[in-house]
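Visitor: compute the structure for the input listed below.
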Amino acid sequence: MTNTGKLMTMREAVGRFVDDGATLAIEGFTAFICFAAAHEIIRQHKRDLVLCRLTPDLIYDQMIAAGVASKLVFSYLGNPGVGSLHCIRRAVEQSVPRPLAIEEYSHFGMVGRYMAGAADLPFFPLRSYLGSDMPAANERIQFVDSPYGDGPIAVVPPLKPDVTFVHAQRADAHGNTHLWGLLGTQKEVAFASKKVIVVVEEIVDEEVIRRDPNRTLIPGLIVDAVVHEAYGAHPSYVQGYYDRDNDFYLKWDEWSRDQATTEAWLAEWVYGVADRAAYLAKLGGDTLDRLAPGRLEADPVNYGRYG
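Guide: Below is the predicted model:
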């Protein structure tokens, strides 16, 4: 395996690519949510970040509780299947630990923004805001007349994050990345972003990637750094590697209900560990065993000798 210079630790990747004030995306739709990147950003005391994500989820709740963000660009907001994100509510309603501006879209509106950013388009059109109250809450949602004579249509601006962290199953040293399961907007946000850090469960030889080219969702040519971080998405999941830690999502509702308890959790589980390896050691083998995904193999395919 040839080291292209893209392989680095999470500490190095965050230090090199995440500047104060940057527009940052850590995507993943229930799966592939890179908590390891979020925790390192918190440990490095980054500030004034604009956080972008379809579902802010626990990951941005933790980052906002740590005071790293000044703005949130998002769609659905909540602890999935549990309830509110208490840290984000405190920031919006009480400016604790600091004020937080919000910019809200629908899921499709955020997808459209990433797609426009990826294709370098001036805007993305969508009909789903017609009759909605969303434009009244967000002045960036505008309406234009369709050039084809079928009336007004809503448009949203492109979104091009300064840096994005994408979690996946495996990549080679060049950043060619295999991803399977619930894909979300990982591909769209990667192509829209100025800098892309791929975080994977495994670094594999280039030949492994070449044997299954249709699974290469993100090509190395758009990747700036590759980080090997096993269990880097916990408590979310990575298809075929570990399951979602549903107990954690339930417990976060309790831990996050006041700022003091949240800060105690951050002190123990983020600031109090040096890196993800230390986090996993603290988490313990019993938890990792509980999250073992079992096996359900896909059928092999024949690409032919010229595949």
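Visitor: check contacts around Leu51.
Guide: Leu24, Ala25, Ile26, Tyr60, Met63, Ile64, Ala69, Lys71, Leu72, Val73, Phe74 (CB atoms under 8 Å, 6 or more residues apart in numbering). C-beta here means a position set from N, CA and C on the backbone, and glycine is covered the same way.
Visitor: next SSE downstream of the top helix by length along the chain?
Guide: Secondary structure assigned by DSSP state H gives helix 107-119 as the longest helix of the chain. Of the helices and strands lying after helix 107-119 in sequence (DSSP states H and E), the nearest is strand 124-126.
Visitor: what lies in contact with the helix or strand following that following strand?
Guide: Downstream of strand 124-126, the first helix or strand assigned by DSSP H and E is helix 134-137. Helix 134-137 has contacts (CB under 8 Å, 6+ apart) with Glu104, Tyr105, Ser106, Gly109, Tyr129, Ile141, Gln142, Phe143, Ala154.
Visitor: need the buried ones from those selected in PyMOL.
Guide: PyMOL command restricting these to the buried ones, with burial defined by 16 or more other CB atoms under 10 Å:
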select buried, resi 104+105+106+109+129+141+154
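Visitor: and the contacts of helix 134-137, which is closest to Ala230?
Guide: Taking CB to CB as the measure, Tyr105 is the one of the contacts of helix 134-137 closest to Ala230, at 33.3 Å.
Visitor: may I have the residues that are in contact with the closest residue to that closest one other than its chain neighbours?
Guide: Nearest residue to Tyr105 in three dimensions, chain neighbours excluded: Ser75, at 5.2 Å (CB to CB, 6 or more residues apart in numbering). Residues in contact with Ser75 (CB under 8 Å, 6+ apart) are Leu54, Thr55, Glu104, Tyr105, Ser106, His107, Gly109, Met110.
Visitor: redo these as CSV? Include pLDDT.
Guide: Formatted as CSV, the contacts of Ser75 follow (pLDDT from 0 to 100):
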residue, pLDDT
Leu54, 96
Thr55, 93
Glu104, 97
Tyr105, 97
Ser106, 95
His107, 95
Gly109, 97
Met110, 97
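Visitor: which one of those residues is nearest to Val270?
Guide: Within those, distances to Val270 taken as CB to CB reach their minimum at Thr55, with 20.8 Å.
Visitor: next one: the closest one from Ala119, what distance?
Guide: According to CB to CB, to the nearest Å, Thr55 and Ala119 sit 23 Å apart.
Visitor: ditto for Gly294
Guide: 39 Å.
Visitor: more neighbours: which of the two?
Guide: Ala119 (12 against 6; other CB atoms under 10 Å).
Visitor: could you report the pLDDT at the more buried one?
Guide: Ala119 is assigned 98 on the pLDDT scale.
Visitor: wait, what's in contact with it?
Guide: If you count contacts by CB under 8 Å, 6+ apart, Ala119 has none.
Visitor: show me where the stretch 1-150 of the chain has its strands.
Guide: 23-26, 49-53, 69-74, 101-104, 124-126, 142-145 (DSSP state E, counting those that start in this stretch).
Visitor: likewise the stretch 201-307 of the chain?
Guide: 216-218, 225-228.
Visitor: now, of these, which is deepest in the fold?
Guide: With neighbours taken as mean count of other CB atoms under 10 Å, these reach their highest mean count in strand 225-228, at a mean of 24.
Visitor: now that one: average pLDDT?
Guide: On average, strand 225-228 scores 98.
Visitor: and that strand, what does it pack onto?
Guide: Packing partners of strand 225-228 (3 or more CB pairs under 8 Å, 6 or more residues apart in numbering; DSSP states H and E): helix 10-17, strand 195-203.
Visitor: look up how far Gly67 lies from the residue nearest to Tyr105.
Guide: Between Ser75 and Gly67 the computed distance is 23 Å (CB to CB).
Visitor: now the worst-scoring helix or strand of the chain on mean pLDDT: buried residues?
Guide: In the chain, the helix or strand scored least confidently by mean pLDDT, DSSP states H and E is helix 134-137, which has a mean of 92. When neighbours are counted by 16+ other CB under 10 Å, the buried residues of helix 134-137 are found to be Met134.
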